[in-house]
Structure formats: C-alpha cells, structure tokens
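In: Need coordinates for the below:
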Amino acid sequence: MMLALWPQAGDYDFSDEIIYVSERPSGELGGFVSFSLRPWAEGCESFPVPYVEGWWVAPDLRGTGVGRALMTAVEEWCRENGFSEFGSDVPVENEASLEAHRALGFEPTLRLQFFRRSVLPKQ
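Out: Modelled structure (predicted):
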C-alpha cells in the first residue's frame, strides 16, 4: 500500500511513524494512515504537532468510509494524548485528496511552493 502511494519509497524506514491499517473482511488490507510527531508544522498553532505523513485507501474502497475511519483513529489518538490538532498536506493538483480532506473537516491554512537545488557540480 505504501508503494502504491509512494512508488519511490523503496526501503524507507517508517519506524518513527504510527501506522493504522484498515482490514477487509477477507483479511487483506484496504488502506492505511501513517502519522508522526513533528516539532512544528506549517499552518498549525501548537507544537509539537501530530502530522499525517501518508493516507491511502484502495480504489475500490474509496467513498465507503474507510478513509474517514482511519482519520478518526488519528484524531482519537491525538485527543487521548493531549493534542488539540493535527496536520496534513496534499499536492495542490490532487483534487480527490483535497476534497476528502475538506469533507473530513480539515481547514486549508496556506499554500507553499517547495523548491530544491542540487549541490552536485554541473556536468
């Protein structure tokens, strides 16, 4: 599932993240949400802040409440552990995820343009 969301992740170490999964009646997995505790997050008012690092639901389960249940599990964890908010992000071109976040009560905070610059010598 993580490779479906992040094909480039390969052997990425997710050990600093809390991961909840959704299990189908057959026992196969149908979705996941992973989150970590960040020192701060853009648009959030508290710190540290729990932050959704990844959220994915199998295409055939989208719109069935699986994604909502996963996010509700994160919200409950936050409340149980004394946090008042949690953050998330979505690429601006991912309309489906933007709408899913809105439907769950997430409020847009700000938009950023990320940049990168290579430090390797030009060839």
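
In: right, and the helix or strand after the lowest-mean-pLDDT helix or strand in the chain?
Out: When each helix and strand of the chain is scored by mean pLDDT, DSSP states H and E, helix 2-5 comes last, with a mean of 80. Downstream of helix 2-5, the next assigned helix or strand under DSSP states H and E is strand 18-23.

In: Skip ahead from that following strand and say which helix or strand is next.
Out: For strand 18-23, the following helix or strand on the C-terminal side (DSSP H and E) is strand 29-38.

In: Need the three-state assignment for residue 96.
Out: helix (DSSP: H, G, I helix; E, B strand; the rest coil).

In: Roughly how far does the nearest residue to it once chain neighbours are set aside sit from residue 121?
Out: Closest residue to residue 96 apart from its sequence neighbours, by C-beta to C-beta, 6 or more residues apart in numbering: residue 62 at 7.8 Å. From N, CA and C alone the C-beta is placed, and that goes for glycine too. Distance of residue 62 to residue 121, given as C-beta to C-beta, to the nearest Å: 45 Å.

In: Between these two, point out the one with more neighbours.
Out: Between residue 62 and residue 121, counted using other C-beta atoms under 10 Å, residue 62 has the larger neighbour count: 15 against 5.

In: For the more buried one, give its distance to residue 39.
Out: Using C-beta to C-beta, residue 62 is found at 32 Å from residue 39.

In: now residue 75
Out: Residue 75 is 21 Å from residue 39, by C-beta to C-beta.

In: who's more crowded, these two?
Out: residue 75 (16 against 8).

In: Mind listing what's buried along the longest helix anywhere in the chain?
Out: Scanning the chain for the helix with the most residues, using DSSP state H, yields helix 66-80. For helix 66-80, the neighbour count (16 or more other C-beta atoms under 10 Å) marks 66, 67, 70, 71, 73, 74, 75, 78 as buried.
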